[in-house]
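>>> Show me the folded form of this:
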Amino acid sequence: AYLGGGLEPFIVSADPNADNFQVPNLALNNVTQGRFGDRMALLSQFDHLRREIDARGLMSSMDKFDGKAVSLLTGNAARDAFDMNREDPKLRDRYGRYAVGQQCLLARRLVEAGVRLVTVDFPCVPGQKAFSWDDHASVWNIFEQMKIRLPVLDQIVSALVQDLYDRGLSDKVLLVVTGEMSHTPRLSNFQGQPGREHWGKTMSVLMSGGGMRTGQIIGATNARGDEPHTRPLTPNDLLATWYRYLGIPVETHINDFTGRPTPIIPQGRAIDELV
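Have a look, this model is predicted:
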């Protein structure tokens, strides 16, 4: 929340499954190296003036963005990582010829290129009425949508896990499959249409790789699935586990815009069974 603009994400909205997939602004586009150098020199002069009148300290974030932009434009690593034509068509088929399937394959390519964190959103697949996993009874039939959605999720996750192992990346890459909340164990009904409402007390999270002790189930609910029964954990425990994997001390504080130190998590500890 207070990491500054220099750590804003690079968002790719184009569909990597499309034949004409292209990420904009990754090339100089008919600008010679000499002209590009002149532009950088001029930018440096403007930056000097802006830094003198910068009262909020925003220039440091802009400097980070400028550095990343120059790296993208002058290097080949990013362009190569985004070039899906470099992948074996059979492997692309294994991930599934859906936007989300190719996004997960692209995520693996980006990680290999040195990206530290990639987030893939999975809203829907072709043939679905649903545009999200928000399966209220009032919007659509949850079972009809799950029959379309879950086989795709199974295909993509299994392909990514296997791919990471085949490439020797399983100890280096932590895969997390999760949503922001769960749904009621008990079905709702709206005019004969089944669905589930929001539920925050119990949910499942899948993690693979990262050098963690995987292949186990941690925690359990009661028989109804609506309350934690054994080994209750919180989102902060998950965050603490991920921070530990990333080498970030959980006691780290980030200064907000007023200079007040704010903990990255107010509480929580790494999950012992995993680490």
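>>> quick one: the strands in this protein?
Along the chain, counting by DSSP state E, strands occupy 174-177, 182-183, 188-190, 193-195, 198-199, 206-209, 220-221, 228-230, 253-255, 261-263.
>>> Out of the ones you listed, which is the most enclosed?
Counting by mean count of other C-beta atoms under 10 Å, strand 182-183 has the highest mean neighbour count of those, with a mean of 20. C-beta coordinates here come from the backbone N, C-alpha and C atoms, glycine included.
>>> circling back to that earlier point, columns mean pLDDT and distance to residue 239 on top of the strands of the chain, output as TSV?
Below are the strands of the chain laid out as TSV (pLDDT from 0 to 100; distance: least, C-beta to C-beta, whole Å):
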stretch	mean pLDDT	distance to residue 239
strand 174-177	97	11
strand 182-183	93	17
strand 188-190	95	30
strand 193-195	97	30
strand 198-199	95	20
strand 206-209	96	13
strand 220-221	96	21
strand 228-230	96	18
strand 253-255	88	14
strand 261-263	89	11
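>>> can you tell me which of these comes nearest to residue 236?
strand 261-263 (10.2 Å; C-beta to C-beta).
>>> how distant is stretch 155-165 from the center of its chain?
Mean-position distance between stretch 155-165 and its chain equals 16 Å (C-alpha atoms, centre = their mean, to the nearest Å).
>>> List the buried residues in that stretch.
156-157, 159-161, 163-164 (16 or more other C-beta atoms under 10 Å).
>>> Now intersect the residues you listed with the helices, please.
156-157, 159-161, 163-164 (DSSP state H).
>>> just the helices in the protein please.
33-52, 59-74, 77-82, 89-95, 99-112, 142-166, 235-246.
>>> hang on, residue 161 packs against residue 208?
Yes. Between residue 161 and residue 208 a contact is recorded at 5.2 Å, counting by C-beta atoms under 8 Å.
>>> list the residues that contact both of the two?
170, 175 (C-beta atoms under 8 Å, 6 or more residues apart in numbering).
>>> circling back: how about the strands of the chain in a markdown table, adding distance to residue 121?
A markdown table is the format used below for the strands of the chain (distance: least, C-beta to C-beta, whole Å):
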| stretch | distance to residue 121 |
| --- | --- |
| strand 174-177 | 12 |
| strand 182-183 | 18 |
| strand 188-190 | 25 |
| strand 193-195 | 21 |
| strand 198-199 | 19 |
| strand 206-209 | 16 |
| strand 220-221 | 27 |
| strand 228-230 | 27 |
| strand 253-255 | 25 |
| strand 261-263 | 27 |
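>>> CA atoms of stretch 248-258 as CSV?
C-alpha atoms of stretch 248-258 as CSV (Å, rounded to 0.1, in the frame of the first residue of the first chain):
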residue,chain,number,x,y,z
ILE,A,248,11.2,-10.2,3.4
PRO,A,249,11.3,-10.1,7.3
VAL,A,250,7.7,-10.0,8.6
GLU,A,251,8.7,-7.3,11.1
THR,A,252,9.4,-4.9,8.2
HIS,A,253,7.8,-1.5,8.3
ILE,A,254,7.0,0.8,5.4
ASN,A,255,6.7,4.5,5.8
ASP,A,256,3.4,5.9,4.5
PHE,A,257,3.0,9.2,2.8
THR,A,258,3.2,11.1,6.1
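>>> how distant is that stretch from the center of its chain?
21 Å.
>>> quick one: buried residues of it?
Buried, per 16+ other C-beta under 10 Å, within stretch 248-258: residue 250.
>>> Closest to residue 186 out of the buried residues of stretch 155-165?
residue 157 (26.8 Å).
>>> so how far is residue 11 from the nearest residue to that closest one once chain neighbours are set aside?
With C-beta to C-beta, 6 or more residues apart in numbering as the criterion, residue 157 has its nearest non-adjacent residue at 6.0 Å, and that residue is residue 177. For residue 177, the distance to residue 11 equals 20 Å [C-beta to C-beta, to the nearest Å].
>>> Which neighbouring residues are in contact with residue 188, exactly?
136-137, 194-197.
>>> okay, now the closest residue to it other than its chain neighbours: neighbour count?
Among residues not flanking residue 188 along the chain, residue 137 sits closest, at 4.1 Å (C-beta to C-beta, 6+ apart). The number of residues packed near residue 137 is 18, by other C-beta atoms under 10 Å.
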